[in-house]
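**Student:** Fold the following and give me the result.
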Amino acid sequence: MQLRYRYRVYPTPGQQDMLVRSFGCARVVFNDALRARQDAYAAGAKISDTAVQKQVVTDAKKTPQREWLAEVASVVLVQACQDARRAYRNWFDSLSGKRKGRRVGAPRFRSRKDTRQSIRLTRNGFGIRDNGKLYIAKVGELKVAWSRELPSEPSSVTVVKDSAGRYFASFVVETTDVPLPECDAEVGIDLGLTTFAVLSDGKVIESPRFFRQAERRLRKAQQNLSRKAKGSRNRAKARTRAAKAHARVADARKDWAHKQSTAIVRENQAVYVEDLCVVGLARTRLAKSVHDAGWGMFTRLLEEKAARYGRVFQRVDRWFPSSRLCSVCGVSDGPKPLSVRVWTCQGCGVVHDRDLNAARNILAAGRAERRNACGETVSLSA
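**Tutor:** Model (predicted):
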């Protein structure tokens, strides 16, 4: 299994200048490669990947308009050309149905005003020195904050500058994860806004609401940015301050989601979650709270870690009436507004907590579907 390990790097001012040049050259080569393919398509001709690379890298260096491409490492330019090729392949595979997941659009030109810039290098363009520094071709040795050791030799590295002006090195490594010891516990999870999650075993995960807590500070940073003249240095400084404030919120949310998902996967052999339509909910009046909750990231981390450690992860159909059914007798009590948090079953008289009852129904539905997939005759409650 291939994984990415990301670390913070601290380039010197001179190295930052060289990285900015590398970002710009990679961006130009990427755009030239897209334009070459578009021109060939408009002319009704076919152009190979080798011809594109020769045109936008090898021959371009010999022209007065692109001679400055020789100032950066050639591996940066070649990988930018390969990224453009991969963007087209992903688009075509998505159109034909070969690529799974959401539909991928046509590749777009990169802009020098993009807040995120990056370059990618293969093994012949970087190396890890004995002193712990990361060597990048024609940039030098970068100081790296090693928070953990790499499990194996990296095959490639991506140097990224984010909107907050921070630099990161993202290594691609091959790992062989050992599955966790099997356990008997299984859990269903009901996600919400007031309470982030309620587990079928009764555990409640409170919603941290990172954005809501930092909303006043973010609003003041955005107001300060809007009052600066466009194109001025003060506006650039204000933009960086606002980006850093947003980055702190995003980093805190991601760190929290990693810790919670890891704990759930370690403690349970199977995890069942309702397949929520986050995109649709983000178009409602609850959009800000939905985005702040980070349901999509949380469920994605659960799915990835379950596959990594030999656990079972399954999504329950979003149309399954988990809030209407009684988890004791299975009687459907009809739809209920969100204001109703406790209700009494008309069939057996049991008083249910709305979220806990939904989590238990999700667990039962996930178990039934899992056994049904294995060939057993099990049907879900109506």
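
**Student:** Would you mind measuring from Leu95 to Ile205?
**Tutor:** Look at Leu95 and Ile205: by CB to CB, to the nearest Å, they are 40 Å apart. C-beta here means a position set from N, CA and C on the backbone, and glycine is covered the same way.

**Student:** the more surrounded of the two?
**Tutor:** Ile205 (18 against 13; other CB atoms under 10 Å).

**Student:** ok, for the more buried one, nearest residue in space, not its chain neighbours?
**Tutor:** Of all residues not flanking Ile205 in the chain, Ala197 sits nearest, at 4.3 Å (CB to CB, 6 or more residues apart in numbering).

**Student:** Same check on Leu302?
**Tutor:** Residue nearest to Leu302 in three dimensions, not counting chain neighbours: Ser261, with 4.9 Å by CB to CB, 6+ apart.

**Student:** quick one: low-confidence ranges for the protein?
**Tutor:** Residue ranges of the chain with pLDDT under 70: 372-382.

**Student:** which residue ranges form the strands in it?
**Tutor:** 2-10, 117-122, 126-128, 134-136, 140-145, 156-161, 167-174, 186-191, 195-199, 204-206, 270-274, 312-316, 342-344, 351-353 (DSSP state E).

**Student:** Just send these back as CSV, with distance to Arg367 too.
**Tutor:** Formatted as CSV, the strands of the chain follow (distance: least, CB to CB, whole Å):
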stretch, distance to Arg367
strand 2-10, 30
strand 117-122, 43
strand 126-128, 46
strand 134-136, 47
strand 140-145, 44
strand 156-161, 41
strand 167-174, 34
strand 186-191, 7
strand 195-199, 15
strand 204-206, 21
strand 270-274, 7
strand 312-316, 9
strand 342-344, 24
strand 351-353, 19
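
**Student:** re the thing from before, what bridges to the residue nearest to Ile205?
**Tutor:** Using DSSP bridges, the beta-bridge partners of Ala197 come out as Leu191, Ile205.

**Student:** follow-up on the earlier one: doesn't Phe298 make contact with the residue nearest to Leu302?
**Tutor:** Yes: using CB atoms under 8 Å, Ser261 is in contact with Phe298, at 6.2 Å.

**Student:** which of these two has more neighbours?
**Tutor:** With neighbours defined as other CB under 10 Å, Ser261 and Phe298 compare such that Phe298 has more, 24 against 21.

**Student:** Now do the more buried one against Ala137, distance only.
**Tutor:** 38 Å.

**Student:** my guess is Val271 meets Thr299, correct?
**Tutor:** No: the criterion here is CB under 8 Å, and Val271 misses it with Thr299 at 9.4 Å.

**Student:** Have a look at the two and say which one is more surrounded.
**Tutor:** Val271 (27 against 22).

**Student:** Without its sequence neighbours, what residue ends up closest to that one?
**Tutor:** Nearest non-adjacent residue to Val271, counting by CB to CB, 6+ apart: Phe313, 5.1 Å away.

**Student:** Next, the contact list for that neighbour, please.
**Tutor:** 270-273, 302-303, 306-307 (CB atoms under 8 Å, 6 or more residues apart in numbering).

**Student:** thinking again about what came up before, give the contact list for the residue nearest to Ile205.
**Tutor:** Neighbouring residues of Ala197 by CB under 8 Å, 6+ apart: 189-191, 204-205, 260, 298.

**Student:** repeat for Val312
**Tutor:** Val312 touches 269-271, 306, 370, counting by CB under 8 Å, 6+ apart.

**Student:** With distance to Arg235 as extra columns, can I get the residues you listed in a markdown table?
**Tutor:** Converted to a markdown table, the contacts of Val312 look like this (distance: CB to CB, whole Å):
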| residue | distance to Arg235 |
| --- | --- |
| Gln269 | 53 |
| Ala270 | 52 |
| Val271 | 46 |
| Ala306 | 45 |
| Arg370 | 55 |
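
**Student:** which of those residues lies closest to Leu121?
**Tutor:** Nearest to Leu121 out of those is Ala306 (CB to CB; 32.0 Å).

**Student:** wait, doesn't that closest one sit right on Val273?
**Tutor:** No: with contact defined as CB under 8 Å, Ala306 does not reach Val273; the gap is 10.3 Å.

**Student:** Thank you kindly, that will do.
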